[in-house]
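>>> Build me a model:
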Amino acid sequence: MGLDASKALETTLEEILVNLPRAKDLHAQVGSTVIEDPKQPLTSLGLHHGSIVSLVSHDKTCVTTSGLQKKKPIVPPKTKRWDPFPDIAKNYHHARRRTSRKQGGLSFGDLARIQSELHSVQPQPEGPLQRIYMCRKSAEAIATQQGGGSRVALLLGTIQRERKNPTKRKKPKTSLSSTTDGEEYCTSVKVHAMWQPRTPDNDNTYDASAILDYSNTKHVMQVAQWLGLQPIGWIFTYPETNRHDNDGLPVFGPDVKTAAELQIRNMRSLGRIEGARFITLAMDGNNGATEAFQLSDVAVQMTAEGVLEGEQNGRFLETTTPVLVDGKETKKVDSVLCLVNTALLSHEGSYADGHPSAVKKTGGFTKKIKKRLSAALLGHDDFALLETLCNFSLLVALTERLDPADAEALVTTVRKFARGQKRSTKVDMSLKGKIGMIVES
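The predicted model follows:
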């Protein structure tokens, strides 16, 4: 500054800063201590030769030597991984990073720690569900659709506990504290409705994006909630006739991945225990034969961690990190090891679609349904109207055209009718008028 050392220390910070661009936007600090009064001479601030004074912008930008300001780079926050089964969660990459920093090679302890972060894939004897009751009409509807190809649909229903053998006499207790509940009861799910997205048929594989995308299913889930239903599984059809070759099962690698992603979404929405009660139904598109499965816990957890994100080929899944199968490291997993066989029974759901479907692929109503709704409205026959509306796909399509308050009122009325109040349940007159306008449009 053209001053000797003694005079330089008498200079104020304000005189120094005035020569810098945008001086009013800067403040000085020593370490983390901000200098509040820049008009004081440097000596009164306790500064001496060799002291470092930082100049910081008020908007927390960095000041370069050229006087230009450079904003700090914005680091996006890391998204925390959500584990559906925290007890079996692994972090293989973290273990590898820790050991890679060591010099002089890996010890046996290091190798053991790495191996402890590998998933062990083995058959799981049973899942949280022991039985599934599939709606007979819904199964017939998806099996007999014209056009062939592979199809996919969400299953909605209820979860309940029931006796394993309703006809068997109850065992007597051996003491006042003993119980036989665990032996006598099991957990089952009942399918009461099915929602099939309006996607074009494909001869080779189904398009699961519509049921995986929450924005597509938001209204469907709302109608299900009004009916007292929740997602309990999904069903897909397949055209291949060789899926059982070499003791295989009809759920292949891509199907395992889709089922796991659906179950993870269900667990995040309903909770880990309730959401894990999730079924996969595989239907042979040629003859309608259907089998029921649950996914093993480790298959769902590996999907959440991205371990099953690799290329999939037929019944085998490629993994992104090694896993243990029969005690050996591998990067290929048979889909059979990811499945739990589940008993499949039949019943008739309360909101079955039936065949043919009441809703076209374009979203409009079929002529037959329009005729039935018009006849019930003109004849003031609430029983016939509500009986027709006990159709989930029809309810979803109809309520999409109503405002939320009217939609909820209509669905709760249908639920009341379906639960047994057949003759006493009536539809509001204003709702009838709005339904009539929709049908005629």
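
>>> Check the burial of the closest residue to residue 401 other than its chain neighbours by counting its neighbours.
Nearest in space to residue 401, with sequence neighbours left out and distances taken as Cβ to Cβ, 6 or more residues apart in numbering, is residue 438 at 5.0 Å. Quick note: C-beta positions are derived from backbone N, CA and C, even for glycine. Counted by other Cβ atoms under 10 Å, the residues lying close to residue 438 total 17.

>>> How about residue 274?
15.

>>> For it, what are phi and psi?
The phi and psi values for residue 274, taken as degrees, to the nearest 10, are phi -70, psi -40.

>>> Where does the record place the domain boundaries for this structure?
According to automatic domain parsing, the chain comprises the domains 5-70, 131-166+185-347, 367-440.

>>> Generate CSV for the ones you listed, with mean pLDDT and distance to residue 91 as supplementary columns.
Shown next, in CSV, are those (pLDDT from 0 to 100; distance: least, Cβ to Cβ, whole Å):
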stretch, mean pLDDT, distance to residue 91
domain 5-70, 63, 34
domain 131-166+185-347, 91, 8
domain 367-440, 94, 41
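
>>> out of those domains, which comes closest to residue 93?
Residue 93 lies closest, by Cβ to Cβ, to one member of the domains of the chain: domain 131-166+185-347, at 7.3 Å.

>>> start to end distance for the closest one?
One end of domain 131-166+185-347 to the other measures 12 Å (Cα to Cα, to the nearest Å).

>>> Centre of the chain to that domain, how far?
Centroid separation for domain 131-166+185-347 versus its chain: 13 Å, with Cα atoms, centre = their mean, to the nearest Å.

>>> which one of the domains of the chain is the most hemmed in?
domain 131-166+185-347 (a mean of 18; mean count of other Cβ atoms under 10 Å).

>>> circling back: run through the neighbouring helices and strands of the helix or strand containing the residue nearest to residue 401.
For residue 438, the host element (DSSP states H and E) is helix 429-440. Packing partners of helix 429-440 (3 or more Cβ pairs under 8 Å, 6 or more residues apart in numbering; DSSP states H and E): helix 367-378, helix 404-418.

>>> on that earlier part again, can you tell me how far the residue nearest to residue 401 sits from residue 258?
In this view, residue 438 and residue 258 are 34 Å apart by Cβ to Cβ, to the nearest Å.

>>> Kindly reformat the domains of the chain as TSV containing distance to residue 119.
Output for the domains of the chain, formatted as TSV (distance: least, Cβ to Cβ, whole Å):
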stretch	distance to residue 119
domain 5-70	44
domain 131-166+185-347	5
domain 367-440	38
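
>>> among these, which is nearest residue 80?
With Cβ to Cβ, the closest approach to residue 80 among the domains of the chain belongs to domain 131-166+185-347: 11.9 Å.

>>> and residue 125, how many residues sit next to it?
Using other Cβ under 10 Å: residue 125 sits among 8 other residues.

>>> who's in contact with it?
By Cβ atoms under 8 Å, 6 or more residues apart in numbering, residue 125 lies in contact with residue 340.

>>> Just read off the phi/psi values of it.
Backbone torsions of residue 125, given as degrees, to the nearest 10, read phi -60, psi -40.

>>> What pLDDT is listed against it?
Note for residue 125: predicted pLDDT of 94.

>>> Relative to residue 184, how far out is it?
Applying Cβ to Cβ, the value for residue 125 to residue 184 is 20 Å.

>>> max-length helix in this protein?
helix 253-270 (DSSP state H).

>>> quick one: the spatially most central residue of the chain from residue 210, how far?
Centroid-nearest residue in the chain: residue 265, 1.5 Å away (criterion: Cα atoms, centre = their mean). According to Cβ to Cβ, residue 265 stands 13 Å off from residue 210.

>>> for residue 221, same thing?
In this view, residue 221 and residue 210 are 13 Å apart by Cβ to Cβ.

>>> same deal with residue 393?
14 Å.

>>> what's the answer for residue 299, then?
Counting by Cβ to Cβ, the gap from residue 299 to residue 210 is 23 Å.

>>> Ok, residue 324 next?
36 Å.

>>> same deal with residue 143?
Distance of residue 143 to residue 210, computed by Cβ to Cβ: 20 Å.

>>> same deal with residue 230?
19 Å.

>>> how about the strands of the stretch 101-250 of the chain, start to end?
Assigned by DSSP state E, counting those that start in this stretch, the stretch 101-250 of the chain shows strands spanning 131-135, 152-163, 185-195, 230-238.

>>> closest to residue 407 out of those?
Using Cβ to Cβ, the strands of the stretch 101-250 of the chain put strand 185-195 closest to residue 407, at 15.7 Å.

>>> so what secondary structure elements neighbour that closest one?
Going by 3+ Cβ pairs under 8 Å, 6+ apart, strand 185-195 lies up against strand 131-135, helix 136-143, strand 152-163, helix 214-226, strand 230-238, helix 392-399.

>>> again, 6 Å this time
strand 131-135, strand 152-163 (3 or more Cβ pairs under 6 Å, 6 or more residues apart in numbering; DSSP states H and E).

>>> List the contacts of it.
By Cβ atoms under 6 Å, 6 or more residues apart in numbering, the residues outside strand 185-195 that reach it are 129-135, 138, 153-159, 161-162, 164, 220, 229, 232, 349-351, 392.

>>> got the angle between that strand and helix 392-399?
On the basis of axes from the mean of the first three to the mean of the last three Cα atoms, to 10 degrees, strand 185-195 is oriented at 50 degrees to helix 392-399.

>>> With only the CA atoms kept, save strand 185-195 in PDB.
The C-alpha coordinates for strand 185-195 follow below in PDB (Å, rounded to 0.1, in the frame of the first residue of the first chain):
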ATOM      1  CA  TYR A 185     -55.100 -70.100  13.200                       C
ATOM      2  CA  CYS A 186     -53.400 -68.800  10.000                       C
ATOM      3  CA  THR A 187     -53.200 -65.500   8.100                       C
ATOM      4  CA  SER A 188     -54.900 -65.300   4.800                       C
ATOM      5  CA  VAL A 189     -55.900 -62.600   2.200                       C
ATOM      6  CA  LYS A 190     -59.100 -62.400   0.100                       C
ATOM      7  CA  VAL A 191     -59.100 -60.700  -3.300                       C
ATOM      8  CA  HIS A 192     -62.300 -58.600  -3.600                       C
ATOM      9  CA  ALA A 193     -61.300 -56.400  -6.600                       C
ATOM     10  CA  MET A 194     -58.900 -56.300  -9.400                       C
ATOM     11  CA  TRP A 195     -57.600 -53.200 -11.300                       C
END
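
>>> mind checking how far the spatially closest residue to residue 137 that is not a sequence neighbour is from residue 213?
In this structure, residue 137 finds its nearest non-sequential neighbour in residue 352, 3.7 Å apart by Cβ to Cβ, 6+ apart. Residue 352 sits at a distance of 25 Å from residue 213 (criterion: Cβ to Cβ).
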